[in-house]
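Novice: mind looking at a prediction? Sequence and model below.
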Amino acid sequence: MNDATILILQDRSIGLETLQDDLRRHQIFPLFLYASNIQEFKAALARKNADLILLVQRYFTIPFDDVLHMVRGTSPELPIIVILPEGRATEGMDLLKRGAQDYLLETELDRLPASVFSARRLRSATPAPKPFDLATPAPVVFERASNERPLEETLIGSIIDIVTEVDLMGTILYESPSIFDQLGYTQEELIGRNAFSLIHPMDVPKVMPVFMLALASPGIPHSARFRFRHKNGSWRVLESVGKSILPKEGSRHVIVTSRVFKEELRPRANLGDSEALFMDVVEGLGEGVLVTDSSDKILYANRQMAEFTGYDVSNLLGQLSYKVFLPEEAWPIYMEQKEKWLLGNKEEYELSIPRKDGVPLCMHVNVSPYRDSEGRIVGTLTAFTDITKRKLAEEEVQRTFASLHAAKDRAEEMNRLKTNFLNNVSHEIRTPLNSILGFSSILSDSLEGTEFGSYARTIETSGKRLLETIEGILDLSRLESNTVSLVPRRISLEVEARRIVSLLELQAREKGIAVYVDAESPVQAYVDVHYLGRVLMNVVGNAIKFTPSGNVRIVLSNNADTVEIKIIDTGIGISEEFLPHLFEEFYQESDGLARTFEGTGVGLRIAKRLVELMGGSISAESEKGKGSTFTISLPLNMEQAAKA
C-alpha cells in the first residue's frame, strides 16, 4: 500500500525529486517515472505499472482532456492529480468536475502526500477501518511544524473525525475522506469551497471570531460548536477544534478536526458563556473586522475597527460602509468593486481611510464574499490592518533613495567634469613636456661625458617620470568615470611581451638586471593590445623597479580556457601585512618623504581594473626579501571576453 509508482507528465525529468523525501516522511515510498511527450505517455500507459499520474500542467503541452481520454481508454481507474500554477484554483475546480482526482497549486505541494494517499486509497477500495469510540471526550488534533507534516497525517483517511485544512479566507484546501460518512460529501465536492458558506447563517457570527482568534494565535487550539449543512440539506451540529499553522510558503492555514455532536452521548451545553468569551476575544484582535450585507449595510464591527476609525460601534451598525469610510468621489469606483465581490471574487487593496477626526489611515483591506447556507453570496467580510506606519517608513525610504540617486547623479557628473578637466590639463602639460624631453635627449647625447650631460640626463629622467605620473592619473580617471573604450582583438602575447621588454631594456640595464620572456608554445589572447601594453608596463616596470639585483622573468602559458602571464622577480618582495592592499589606489608599502622608491601608488590599481575590463584577473604572491610573482589570466576567445 505504501509503495507508489507515480507517472509524472512534464517535458523534463527533473524538478520533483525533492518531493520524494516529503512522501517518505509520510510512509509513502515513491518510484518516479517520467513521460515528456505523447509517445512516452502512450508507452507508459501500455505498461500499466503506474499507480497514479501527476500532470505538471505548466511543463506538459498535451491538454488535460486529451490526457484523461488516453487514460480512460487504457486504465479507467488510474487517478490523475494536476499541478497548476499559482492563482489558477478556479481552473483546478473545473478539472475536478471533468475527472481529475485532485489538483495542487505550485505553492501548496506540501499537500501532495495527503493527496497521493487519498487517491491510492480510493483506487484500492480498502475496507473502511474500525471507527474510534464516539464517546472519546475530545477530537484528535493534528499539529505540524512549519517545515514538515507528521506521520499521522498520512493516516487521515482511516479515522472517523473530519480533518479540514482551510486558508485565511476560509477556502477548503483539504478534506479528509471521512467527510463522506459523516456529512455525505466527497472530498472533491468540498475542496475549493468556502467553509463558512456551509455553516448555519445564525452561527457564522460566533464561528468567525473563533476562526480569527485561531489565526492570531498560531499553535494554540480553539474550539467551537455550530451547525453545518449535510449534503441532504439537513443540519448537523459539529464540535470542532482548530489550530493555525504556517506552511513552508504562503499565508497562514488552519487545521480543523471535527466530529458530529450526538445528543444522546452528551447533553447539549449552554453555549452562551462560550459565545460571549469568543466575542470578547475577537474584540481584542489587532485587526478590524467588518461584516456587511449585499446592500453594504454594516452588520458587525469589532472594537478594533472602532478604535481605528474613531466611531462607536453602535454608530456604525446599519450604516452604508462606503459612505462612512470613503470620500464621495470614490463611491462609484467602490460600487464597481462591490459588484466583483458579489460575483465571488476575493480582493486585497491598500486604501486611505479617514478617521472620524479627518486624520487619514493607510489600511490593508482584505475583502471576501459571504455566502448563505444555499451557497448564495449575501454580503462581504472585510478585514482591516493598519499599515500607516509602514507606509510612512516606505515613503521615507523612497525620499532617501531619491536623495541618494540625485547625489549619485551629481557625483557622476562631477566625475565626468573632472575627467574632462584632467584631459585638458594633460594636453596642456604634455605639449611643452614633449619639447623638454626631446631637447633634453639631444643635449644628453651631445654633452655626454661632461657635467652638463649629467644635468641633461637628469632633466630627461624627471620629464619621463612626470609623463608617467600624468598618464597614470588620466588612466585612473577614465576608469573611475567608465569612459575606457576597449577594442579587443586576437594578438600574440609573446610579441607584445617582447615589445614591452624592449621599452624597459634601458631601465633594466642600468640596474644590471636581466629580463627574460619564456614561451613554450605560441600563446594568443583576445584583448585590447593598447591597454594590455599599459598593464605590462606597470607590472613589469614595478618588477624591475623593486629588484635591486637578479632577474625578471615573463612566463607565458596556455590553460584550458585562459592564457596566463606570470611576471616573476627576485626583488625585495612584499610584506604579508601589505599584500591585501596591493591593488588599492595610492597605497604604497613605503610612503612619506623618506620612501625608498618613487611612484604614485596607482599603477597596480590601474592594471587590475584594465585586466578585469578585458575579462581577466590578476593576483600576486610574495614573501618579504624573496621576490614576487604576479599572475595575469586573460580570455582565450571572443566569447569569453564578451561574457566577462
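Specialist: Everything's here; your move.

Novice: low-confidence stretches in the stretch 251-400 of the chain?
Specialist: Within the stretch 251-400 of the chain, the ranges that satisfy pLDDT under 70 run 262-285, 314, 372-374.

Novice: just the strands in it please.
Specialist: 253-260, 288-293, 298-301, 347-354, 360-371, 377-386 (DSSP state E, counting those that start in this stretch).

Novice: could you check the pLDDT of the residue sitting furthest away from the middle of the chain?
Specialist: Distance from the centre of the chain peaks at T450, with 74.9 Å (C-alpha atoms, centre = their mean). The model reports T450 with a pLDDT of 84.

Novice: how about it, phi and psi?
Specialist: phi -110, psi 170 (degrees, to the nearest 10).

Novice: adding mean neighbour count and distance to G533, write the strands of the stretch 251-400 of the chain out as JSON lines.
Specialist: Bear in mind the C-beta positions are built from the backbone N, C-alpha and C, glycine included. Formatted as JSON lines, these follow (neighbours: other C-beta atoms under 10 Å; distance: least, C-beta to C-beta, whole Å):
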{"stretch": "strand 253-260", "mean neighbour count": "23", "distance to G533": "66"}
{"stretch": "strand 288-293", "mean neighbour count": "20", "distance to G533": "71"}
{"stretch": "strand 298-301", "mean neighbour count": "22", "distance to G533": "78"}
{"stretch": "strand 347-354", "mean neighbour count": "14", "distance to G533": "59"}
{"stretch": "strand 360-371", "mean neighbour count": "20", "distance to G533": "61"}
{"stretch": "strand 377-386", "mean neighbour count": "20", "distance to G533": "64"}
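
Novice: now the ones you listed as a markdown table including distance to D102?
Specialist: Shown next, in a markdown table, are the strands of the stretch 251-400 of the chain (distance: least, C-beta to C-beta, whole Å):
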| stretch | distance to D102 |
| --- | --- |
| strand 253-260 | 17 |
| strand 288-293 | 32 |
| strand 298-301 | 35 |
| strand 347-354 | 27 |
| strand 360-371 | 23 |
| strand 377-386 | 26 |
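
Novice: R609 is nearest to which of the ones you listed?
Specialist: Shortest distance between R609 and the strands of the stretch 251-400 of the chain, using C-beta to C-beta, is found for strand 347-354: 45.5 Å.

Novice: and the gap between R509 and G449?
Specialist: 18 Å (C-beta to C-beta, to the nearest Å).

Novice: the two: which is more packed in?
Specialist: R509 (11 against 7; other C-beta atoms under 10 Å).

Novice: check for me that that one belongs to a strand.
Specialist: No. Read with DSSP: H, G, I helix; E, B strand; the rest coil, R509 is helix and lies in no strand.

Novice: for P209, find the nearest of the strands of the stretch 251-400 of the chain.
Specialist: Closest of the strands of the stretch 251-400 of the chain to P209 is strand 288-293, at 8.1 Å (criterion: C-beta to C-beta).

Novice: quick one: strands adjacent to the closest one?
Specialist: Here strand 288-293 is paired, per DSSP bridges, with strand 298-301 (antiparallel), strand 377-386 (antiparallel).

Novice: who touches that strand?
Specialist: 205, 208, 212, 282, 298-302, 304-305, 307-309, 321, 363, 370, 378-386 (C-beta atoms under 8 Å, 6 or more residues apart in numbering).

Novice: 7 Å instead?
Specialist: For strand 288-293, contacts defined as C-beta atoms under 7 Å, 6 or more residues apart in numbering pick out 212, 282, 298-302, 304-305, 308, 321, 370, 378-384.

Novice: and the angle for that strand with strand 360-371?
Specialist: If you take axes from the mean of the first three to the mean of the last three C-alpha atoms, to 10 degrees, strand 288-293 sits at 50 degrees to strand 360-371.

Novice: what about strand 288-293, distance to the chain center?
Specialist: Remark: strand 288-293 is offset 35 Å from the chain centroid, using C-alpha atoms, centre = their mean, to the nearest Å.

Novice: put the alpha carbons of it into PDB.
Specialist: The C-alpha atoms that make up strand 288-293 are tabulated as PDB, following Å, rounded to 0.1, in the frame of the first residue of the first chain:
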ATOM      1  CA  GLY A 288     -10.500  45.500  12.300                       C
ATOM      2  CA  VAL A 289     -13.400  43.300  11.200                       C
ATOM      3  CA  LEU A 290     -16.400  44.500   9.200                       C
ATOM      4  CA  VAL A 291     -19.400  42.400   8.000                       C
ATOM      5  CA  THR A 292     -21.800  43.900   5.500                       C
ATOM      6  CA  ASP A 293     -24.800  42.700   3.600                       C
END
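
Novice: let's have the chain start at 891 instead
Specialist: From this message on, residue numbering opens at 891, which makes the last subject strand 1178-1183.

Novice: same list (the strands paired with strand 1178-1183) but as a markdown table, adding distance to E1466.
Specialist: Listed next are the strands paired with strand 1178-1183 as a markdown table, based on distance: least, C-beta to C-beta, whole Å:
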| stretch | distance to E1466 |
| --- | --- |
| strand 1188-1191 | 71 |
| strand 1267-1276 | 57 |
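
Novice: all set now, cheers.
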